[in-house]
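# Next come a sequence and a model predicted from it.
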Amino acid sequence: MSLKNKLHVLKEKYKSTKFAPAFNALHTFLYLPNETTHGGTHVKAADDLKRTMNTVIMAMIPCLIFGMFNAGYQHNLAVGDIQAVSSGFFSSEFWTLANFTVGFWKILPLVIVSYGVGLGIEFLFAIIKKHEVEEGYLVTGMLVPLIVPIDIPLWMLAVAVAFGVVIGKEVFGGTGMNILNPALTIRAFLFFAYPTWMSGDKVWVEGAVERTNEIAAGANLDAISGETILGSLAQGKEFAYSTADMFLGFIPGSVGETSTLLILLGGLFLIFTKIGSWRIMLSSALGAIVMGLIFNQVVDAGVIGEGSKFYGLMNTPFWHHLLIGGFAFGTVFMATDPVTASQTNKGKWIYGFLIGLISILIRVFNPAYPEGVMLAILLMNVFAPTIDHYVVQGNVKKRMKRLKAKVA
Amino acid sequence: MSNDIKIKKGLNIKLKGEAEKTVEQAVISKYCTVRPEDFHSVIPKLVAKEGTKLKAGETIFYDKSNEAVKFVSPVSGTVIEVVRGPKRRVDAIKIEVDSEQVYLDNGKFDVDAANPGMVKAHFLASGCWPFIKQRPYDVVANPAKTPKAIFISGYASAPLAADLDFTLTGKEAELQAAVTALGKLTEGKIHVSVGANSNSPLAGLTGVTLHKVLGPHPAGNVGTLINKVDPVNKGEVVWTVNAQDLVIIGELLLTGKFNAERVVALAGSEIEKPRYFKTKIGSEVATMVYDKGIAQGANARVISGNVLSGKQVKPDGALDYYSNVITVIPEGDDYDFFGWNKPVFNKVSTSRALTFSWLNPKKEYNLDTNTNGEHRAFVVTGGYEEVFPLDIYPLQVLKACMYKDLDEMEALGMYEVAPEDFALTEFVCVSKQPHQKIIREGLDLMLKEIG
């Protein structure tokens, strides 16, 4: 008996038992089900939610792999084992097995914890609530390791994931019903619960915290640290990274957010496959550019002098804002989450634009934690239904007007 | 002002097995089945009982809530069975067909001399009324109301649809008689759509406003025509009539006979030689689908209607009251190893998520009935709008129907739509939601609560 038939027999056996959702989730992972249409259209398009989610994951894989190399690179650079990259994206200092190994062993546990805890909770809820396991967490589970600092303790991550999945999603009814982006809910939880692990100059480079502790314990070692560009700008410090480094991603930061180039490619892939909304991505970038330009103008007009604590970030050329921090990653992979974004095409323009605008606004005015994209997206998640409401009302009003014209 | 309608949003689903343009006389069906479920929301009150002998055009049942609306027999014969479902609901009336057809004589009708009341009475008495459907609600028209306009689509854009240019050829006299009579029933116009590059017999009719439509499906849906020409507002009613039914109406007016004959396309990838048949409403599909049709032992689905909005019928089932196409496609009740992530070349998709139908827009596909995934909550947005040309927010209307908010359904445009308008959004739906069912249930709720 072939595997297909064996699984079919098992499926019939588990049918209407409480383990059916769990079994089906594994079964449908292997095989597209044998379900046929009943009532309604007799044929259906090829896409399902699994395919959609899988496409998003594929777009993120380059960022994940780059993140592994970069984690090792930042570590080895900080401890002084290697030289900084010198020859563009394919620099030999970067793409080494040594770099990859360090990153791989650091990031793999993050991925495993993220998926293990998250999917575990999803399965549990599916069994309790007797519905199928929905695919939303496949993307969330991949996003989470990419948006946390490399050295985040795994137990913190596990707690945050549990919080994010239960409070961020399941209490609202699961995939498709949540108001806030689950991955950002997880990150926001970490940020507010464990701020020392989410900012500063010790968390972005593998081993920095450990080294600090060793020094404190009396070890005779050089401290290592890595400040993000935003951190340096916020404190008015110099940083040693070129614009090319920012674009290509050879900078400290959360695991998968540093390479604007690969994020851009992922974004283009999502736009090409029609899975990601180009309206949101484009309007976010426009919003950020507008806000960046406004701040540049403020500095040019002399309103803010060099003495101001906002000077460093305000004086940053507006287009640099697109390259540094988590802006690109958030815009491409998180703002475009269809469940929590605006659902109307017009709404998507407004929603994206405001995300860009508010991201840079928070980034500049919050020097203690110089990044705004997470909070901007969460804020706009909350406002997305309101935006949609007014867009839809436009259509309703048109209909009312048509009726009135008839009656008059 | 140009009367042409051009739409961009939509999707042509090209399927294998388009009917070749030859007409055969179908074998005379031994039984004729009339199913009251074809007439949505009608509760039948039977006139004919088991054993009753009927002429073609004699009343089988009438609408319990509106006794003037009569439903007549497409054939002459003897009622041999009234099939009943739960709560004694009438599921079907099965008539054994006489070898010699006798028609009830309704008398020739002088359309030009008739006033609106006479036309209406004649339609109701002769059994032509059920061919007239109304919006809102997509049900058989309420004779107590006067429509602001009547819409007829002469352009069939659905997958494997019968080509109306072909099936209506030579029926100009009947079509003209029917639209002239219909014209008396409305204060407004009769809007007729034809394909932009067609030579439809409908194009030559007088007393109608002609619209040439261009664009992908659902360009030919009557709902698209209504939305682009004169959308239904609250309190208004429009009527729609299928173009092929005008022929039956016209013949009744000209000869007095209710001749339920229609040219039907037999199409689909499971049919060896797809072609057209001349047959009658209610005929068994078996009279058409086996000769040079479905192969022995094939695992096929027979659909009365098109693949988007038709009804599944059993091999011993019958052609329904409104359809002019029988589609036969393969069943898809098999598993597909890693079917959710491997590249797909043999299925249609509007995305490019490792689906490659965008590479080859002219290719004809052999789609089966597999759902290609499981039912999920609404997640993806923006996909419906690409295939939905009406000035309505499809996702929002569907959700309003699901949470049964009557005010919102009304405000978002439910009066304008029929389930078939949501066939394409259902086809492309990533979450595999039953859009047409949701809309039908929403319309039923409004009909019940608002009326």
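Alright, I've got the coordinates. Numbers count the residues shown, from 1 in each chain, chains lettered A, B, ... in the order given.
# so who does residue B:273 touch?
Contacts for residue B:273 (Cβ atoms under 8 Å, 6 or more residues apart in numbering or on different chains) come out as B:20, B:292, B:293. For the C-beta atoms, the positions are set from N, CA and C on the backbone; glycine is no exception.
# That should have said residue B:245, apologies.
B:131, B:262, B:322.
# Which secondary structure state is assigned to the closest residue to the first one other than its chain neighbours?
Okay, so that is residue B:131. Closest residue to residue B:131 apart from its sequence neighbours, by Cβ to Cβ, 6 or more residues apart in numbering or on different chains: residue B:245 at 4.0 Å. Secondary structure, DSSP: H, G, I helix; E, B strand; the rest coil: residue B:245 is helix.
# Pull up the gap between residue B:245 and residue B:40, please.
16 Å (Cβ to Cβ, to the nearest Å).
# now do residue A:92
Residue A:92 is 71 Å from residue B:40, by Cβ to Cβ.
# One more: residue B:85?
16 Å.
# Residue B:234 too?
Relative to residue B:40, and taking Cβ to Cβ, residue B:234 is found at 21 Å.
# If any of the contacts of residue B:273 are buried, put those into a ChimeraX selection.
Buried residues among the contacts of residue B:273 (16 or more other Cβ atoms under 10 Å in any protein chain shown), as a ChimeraX selection:
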select /B:293
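# just checking, which of the contacts of residue B:273 belong to strands?
residue B:20 (DSSP state E).
# can the contacts of residue B:273 go into CSV with extra columns for distance to residue A:383 and pLDDT?
Output for the contacts of residue B:273, formatted as CSV (distance: Cβ to Cβ, whole Å; pLDDT from 0 to 100):
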residue, distance to residue A:383, pLDDT
B:20, 57, 93
B:292, 61, 87
B:293, 57, 86
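# Show me what stretch B:111-131 is in contact with.
B:39, B:57, B:59, B:68-72, B:106, B:109, B:132, B:140-141, B:143, B:177, B:180-181, B:184-185, B:241-242, B:245, B:248-249, B:252-253, B:258, B:321.
# tell me the mean pLDDT for that stretch?
Averaging pLDDT along stretch B:111-131 yields 92.
# Also stretch A:214-221?
Mean predicted confidence for stretch A:214-221 is 81.
# Also stretch A:278-288?
96.
# now, among the contacts of residue B:273, which is nearest to chain A?
Closest approach between the contacts of residue B:273 and chain A, by Cβ to the nearest Cβ: residue B:293, at 17.4 Å.
# So the closest one sits against residue B:268, correct?
No - judged on Cβ atoms under 8 Å, residue B:293 makes no contact with residue B:268 at a distance of 9.2 Å.
# what residues do the two have in common as contacts?
With Cβ under 8 Å, 6+ apart, residue B:293 and residue B:268 have common neighbours residue B:328.
# For the residue nearest to residue B:131, give its distance to residue B:381.
For residue B:245, the distance to residue B:381 - Cβ to Cβ - is 38 Å.
# Near chain A, which residues of the stretch 151-300 of chain B? Just list them.
B:159, B:231, B:233, B:234, B:235, B:236 (Cβ under 8 Å from any Cβ of the partner chain).
# Is the helix or strand that residue A:266 is a member of positioned near chain B?
Using DSSP states H and E, the element containing residue A:266 is helix A:260-272. Yes - using Cβ under 8 Å from any Cβ, helix A:260-272 reaches chain B at residue A:272.
# In the very next helix or strand once past that helix, which residues are buried?
Next along the chain after helix A:260-272, taking DSSP H and E as the criterion, comes helix A:278-300. Buried residues in helix A:278-300, defined by neighbour count with 16+ other Cβ under 10 Å: A:278-285, A:287-289, A:291-292, A:295-296, A:299.
# Good, wrapping up.
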